[in-house]
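In: quick one: sequence plus predicted model below, questions after.
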Amino acid sequence: MELSANRKDLFIILFIVLSGATTVYTIDCFKCVSMNGKFSACDDPFHNNHSLQMLESPCMGGRKGRDGLFPATSCIKIAGVFDDTGETITVRGCGLDSGTATTDTEIIRMSHCGRFYYDDRYVHGCLQSCNDADACNRSYTDQYNISTVIFTAITALAYKMWTS
């Protein structure tokens, strides 16, 4: 079955556009630390007034057993009180699953409240992770590799000239 010239042109244009598109999954998270209320913009209640300075886009984090930073899959927040001094702490950041088999070593897999160990000290509070809310979600961004688009366009046009 022979395609009409208009359909061939439409097919070639569609092929060019789609050949350079890739989907990138990113997550943006707020990153900040407040010890004993010294950085109130980070503490709860969290107000989104001057938070763009704290928003990391995309948020990158470390993985167990690997060097370097990797795109995060979740945002985390730690809020609590140190048992030994009564000082408060709020930490906002990002994390990613390192692929180990248990949830006790992967902090993003399970939010929980109670006592936990942070920076060699016991804290009474909550550790929360999320990946489904504003500044806590992933966005889908279409990006185009220009060299791939140009190469594909030249190839498609050469094919059209050759077959005409």
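Out: Right, received. Where do you want to start?

In: which parts of the chain are strands?
Out: Along the chain, the segments classed as strands by DSSP state E run 21-27, 29-30, 32-35, 55-56, 60-61, 70-71, 74-82, 88-95, 112-118, 121-130, 132-133, 136-144.

In: point to the helix or strand of the chain where mean pLDDT is at its lowest.
Out: Averaged element by element with mean pLDDT, DSSP states H and E, the chain has its least confident helix or strand at strand 136-144 (a mean of 42).

In: can you pull up the bridge partners for residue 56?
Out: residue 29 (DSSP bridges).

In: just checking, residue 124 touches residue 89?
Out: No - the pair residue 124 and residue 89 fails to qualify as a contact (Cβ atoms under 8 Å) at a distance of 10.5 Å. (Glycine included, C-beta is placed from N, CA and C.)

In: what is in contact with the two at once?
Out: When contacts are counted by Cβ atoms under 8 Å, 6 or more residues apart in numbering, the set common to residue 124 and residue 89 consists of 80, 81.

In: any regions of this structure where pLDDT drops low?
Out: Scanning the chain for pLDDT under 70 picks out the ranges 1-26, 48-51, 99-106, 133-134, 136-164.

In: domain-wise, how is it divided?
Out: Annotated domains of the chain cover 1-20+145-164, 23-142 [automatic domain parsing].

In: hang on, the earlier thing: what's the most buried one of the strands of the chain?
Out: For the strands of the chain, ranked by mean neighbour count under the definition mean count of other Cβ atoms under 10 Å, the leader is strand 29-30 at a mean of 24.

In: which strands and helices sit next to that one?
Out: Contacts defined by 3 or more Cβ pairs under 8 Å, 6 or more residues apart in numbering; DSSP states H and E place strand 29-30 against strand 55-56, strand 74-82, strand 88-95.
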